[in-house]
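J.: output the structure for:
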Amino acid sequence: MANKQNFTPEEWTKLLQSTMLVGIAVSAADPSGLWGTLKEAAAGSSAVVEAKRDAGSNELVRAVASDFETSQGRSDVQSALKVCFADAHPADCVQRSLANLREVSAILDTKAPADAAAFKAWLRGISEKVAEAAAEGGFLSFGGVQVSDAEKATLADIAKALSTTA
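T.: Have a look, this model is predicted:
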C-alpha cells in the first residue's frame, strides 16, 4: 500500500490538491450562489474528514485525509491552489481542475497502481457529494434540480480525467 513516502513532495501536494479540485470543478461548473457554494464546500470538506475516520478507507486515502490536519499540508494545498488558479477567470476553473486531475491520475497509475482505483473512486465520490449538496436553479432552496446538467457533465469530465467510468 502506498503512502506519502512513495511520492515526491510535488506529487504529494497534487494528491492533496486533487481533493479540493474535484469540488472546485463541480462548483465552478454551475455556481450556486453564496449559500449553495458554502454547502458544496462543506460537503467536500466533510468527505475528506469522513475518509480518515472510515476504517474501511484505503491507506492512501487515509494518509491524504490525515495530511489535511497538519498546518504544512493545508499550507501546501493553499499555495498550490493559488498557483493553479492565478489569473483564472471563473470559466477557467473547471478546465484547470480537470487538467490537474489528469496529472493526478497519471501519478497514481505510475506510483501507486494498487491504490489508484480506490483513490480515484474516492475523488469521484467527493465530486458527487459536492454536486448533490445544493439544489441548482431554484429560489431560496425551492424548486430547481439537485444536480444540474452542467454539474452532470462536469462529473462525467472528472471521471474521464481520472480514467474511470461515470
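J.: to what extent is residue 99 buried, counted in neighbours?
T.: If you count neighbours by other C-beta atoms under 10 Å, residue 99 ends up with 12. For every residue, glycine as well, the C-beta is placed using N, CA and C.
J.: how near is it to residue 1?
T.: Relative to residue 1, residue 99 is positioned 28 Å away (C-beta to C-beta, to the nearest Å).
J.: before we move on, what about residue 62?
T.: Separation of residue 62 from residue 1 (C-beta to C-beta): 10 Å.
J.: in this structure residue 88 contacts residue 95, no?
T.: No: with contact defined as C-beta atoms under 8 Å, residue 88 does not reach residue 95; the gap is 9.1 Å.
J.: pull the residues that contact the least confident helix or strand in the chain by mean pLDDT.
T.: Ranked by mean pLDDT, DSSP states H and E, the weakest helix or strand in the chain is helix 33-53, scoring a mean of 81. Contacts of helix 33-53 with the rest of the structure, by C-beta atoms under 8 Å, 6 or more residues apart in numbering, involve 19-20, 22-23, 26-27, 31-32, 57, 61-62, 64-66, 68-69, 122, 125-126, 129-136, 141.
J.: then stretch 74-93?
T.: Contacts of stretch 74-93 (C-beta under 8 Å, 6+ apart): 9, 12-14, 16-17, 20-21, 24-25, 28, 31, 68, 96-97, 100.
J.: using pLDDT, spot the least trustworthy of those residues.
T.: Within the set of the contacts of stretch 74-93, pLDDT is lowest for residue 31 (77).
J.: what helix or strand is residue 64 located in?
T.: Using DSSP states H and E, residue 64 maps to helix 59-67.
J.: backbone phi and psi for the nearest residue to residue 28 once chain neighbours are set aside, please?
T.: Counting by C-beta to C-beta, 6 or more residues apart in numbering, residue 93 is the residue found nearest to residue 28 once chain neighbours are left out, at 3.8 Å. In terms of degrees, to the nearest 10, the main-chain angles of residue 93 are phi -60, psi -40.
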